[in-house]
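Novice: Coordinates only, no sequence provided:
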């Protein structure tokens, strides 16, 4: 990084009132890295025609950290830079008890992940591309870096898992690594 860029970045931590913060502030917007997620059970995905995050879903620890379902709040934008899908196939598993170490069952592996908004598809990929694609011993390196997409404030968006068959009792967790811009 050139020194001018580094200084400009460091100056972004000092707000217009001169007070220092731990989060960059660019022209009145805070900028930080966040991981947004939604989890559930495979049979729910099948019953909802692939919809992972419903409109009425509220933030619940261990289930989702999206505040208002599939609409971001006013003045909040998410630039998605990475994505991964985690699965737990143990009997009687729930999203809150899952360990997230299993290989997805065939309906998931042969399916697709789609992120779209009112203007069309923003991202689409085979699930094998975003699930355990490095065949690692852990999930830490399983985020697939993607061409950044923008989920916009107050615009409906959709997260879908289009499965090649019926989901069953497996737990899933879709995680989006993002840069959040918020006024």
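Specialist: Good, I have the coordinates. All values derive from a computational prediction rather than experimental measurement.

Novice: Okay, strands next: where are they in the protein?
Specialist: Taking DSSP state E as the test, the strands found in the chain are 25-26, 29-41, 58-60, 64-68, 76-88, 112-117, 120-126, 144-151, 157-162, 171-182.

Novice: Now tabulate the ones you listed in TSV and tack on mean neighbour count.
Specialist: All C-beta atoms are positioned from the backbone trio N, CA, C, and that covers glycine. Converted to TSV, the strands of the chain look like this (neighbours: other C-beta atoms under 10 Å):
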stretch	mean neighbour count
strand 25-26	16
strand 29-41	17
strand 58-60	11
strand 64-68	17
strand 76-88	20
strand 112-117	19
strand 120-126	14
strand 144-151	16
strand 157-162	20
strand 171-182	21
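
Novice: Tell me which of the ones you listed approaches residue 52 most closely.
Specialist: Of all the strands of the chain, strand 157-162 sits nearest to residue 52, with 4.3 Å by C-beta to C-beta.

Novice: okay, the angle between the closest one and strand 76-88?
Specialist: 20 degrees (axes from the mean of the first three to the mean of the last three C-alpha atoms, to 10 degrees).

Novice: who touches the closest residue in space to residue 121 that isn't next to it in sequence in this structure?
Specialist: Excluding the flanking residues, the one nearest residue 121 by C-beta to C-beta, 6 or more residues apart in numbering is residue 114, at 6.1 Å. Applying C-beta atoms under 8 Å, 6 or more residues apart in numbering, we find residue 114 in contact with 50, 121, 123-124, 158-160, 162.
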